[in-house]
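A.B. asks: the sequence and its predicted three-dimensional model are supplied below.
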Amino acid sequence: MSDNLDNLIFSLKAQVPSIPENNSILAKIEEIKNYSKVEDQLTVLTMIIPLIPTMAIPKKLDSIKDKVDSINCDVGQLVTTIKNQSNPQEYLNTIQQNLEDIKDEIPGMKKQIDDVLYELYSPAGIDQKLKVAIPIIPLLATYEVETNPSKFVADRIFELRKLVMGTRK
C-alpha cells in the first residue's frame with residue numbers, strides 16, 4: 001500500500017511544475033503522506049484533483065507546451081495516416097523499441113509503458129496497437145519537459161515525437 005501511495009504522489013508531483021505559483025498544490029500533494037488512514041488520504045486527494053487544471057506553467061515552457069499540444073492530435077487521424085504508409089509495422093516496431101529502451105529509466109511511467117508494450121506484443125491488429133501506443137507519446141513528451149531526463153531518455157522520446165510529427169506532414 002505504501003508503494004501505491006508513493007507512486008500516486010510521484011505521479012501527481014510529475015504533473016505539477018515546481019515553481020513558486022504551484023507551491024500550495026505541491027504542499028497538498030506532500031500532505032497525503034501525513035495521513036495513515038486511506039480515507040484521510042482520499043480526502044486530501046479530492047482537494048488536489050480540482051487544483052491541477054489551475055496550476056501555473058512556467059513562461060519558458062509555453063513554447064514547449066505548444067509543441068506537446070501539437071503532438072497530442074487526433075489518434076484516429078494518426079492511425080489512418082500510419083496505416084496508409086507502406087509499412088505501418090515499422091512504426092509499431094520503432095515505438096516498441098523506444099519504449100523497451102526507456103521503461104526502466106522512468107519509474108513513474110513504467111506501468112503505463114508496460115501496459116502499452118503488453119498490447120504491442122499481443123496478437124491485436126495494427127489499428128488497435130496504434131490506438132494504444134500513440135497516446136503515450138504526448139505523455140512522454142510532457143515527462144521530458146517537466147523532468148529534464150537523461151540524454152538517453154530524451155533521445156528516445158525525441159524519436160517517438162519525430163515519428164508522430166513526421167506522419168502529420
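C.D. replies: Great, that's in hand.

A.B. asks: just the pLDDT at the residue sitting nearest the centre point of the chain, thanks.
C.D. replies: Computing the C-alpha centroid of the chain and ranking residues by Cα atoms, centre = their mean puts residue 139 first, at 2.3 Å. Residue 139 is assigned 84 on the pLDDT scale.

A.B. asks: how about it, secondary structure?
C.D. replies: Classification of residue 139 using DSSP: H, G, I helix; E, B strand; the rest coil returns helix.

A.B. asks: that one contacts residue 108, correct?
C.D. replies: No - applying Cβ atoms under 8 Å, one finds residue 139 not in contact with residue 108, separated by 10.5 Å. Yep, even glycine has a C-beta here, placed from its N, CA and C like the rest.

A.B. asks: how close does residue 118 get to residue 111?
C.D. replies: From residue 118 across to residue 111, the span is 10 Å (Cβ to Cβ, to the nearest Å).

A.B. asks: one more: residue 158?
C.D. replies: Distance of residue 158 to residue 111, given as Cβ to Cβ: 23 Å.

A.B. asks: with neighbour numbers in mind, choose between these two.
C.D. replies: Neighbour totals were compared for residue 158 and residue 111, and residue 158 leads with 15 against 12 (other Cβ atoms under 10 Å).

A.B. asks: so residue 112 is in contact with residue 139, correct?
C.D. replies: Yes - contact criterion Cβ under 8 Å: residue 112 and residue 139 qualify, at 7.0 Å.

A.B. asks: show me where the chain dips below the pLDDT cut-off.
C.D. replies: The chain contains residues with pLDDT under 70 at 1-2, 57-76, 166-169.

A.B. asks: that one - how does it break down into domains?
C.D. replies: 2-56, 60-167 (automatic domain parsing).

A.B. asks: just name the most buried of those.
C.D. replies: Ranked by mean neighbour count, the domains of the chain are led by domain 60-167 with a mean of 16 (mean count of other Cβ atoms under 10 Å).

A.B. asks: how about the strands of the protein, start to end?
C.D. replies: Applying DSSP state E to the chain gives no strands.

A.B. asks: where is the longest helix in the chain?
C.D. replies: Ranked by number of residues, the top helix in the chain under DSSP state H is helix 151-167.

A.B. asks: now do that one: which elements does it pack against?
C.D. replies: Other elements packing on helix 151-167 under the criterion 3 or more Cβ pairs under 8 Å, 6 or more residues apart in numbering; DSSP states H and E are helix 62-71, helix 75-83, helix 88-102, helix 136-147.

A.B. asks: nearest to residue 21, out of the ones you listed?
C.D. replies: Residue 21 lies closest to helix 62-71 among those, at 13.8 Å (Cβ to Cβ).
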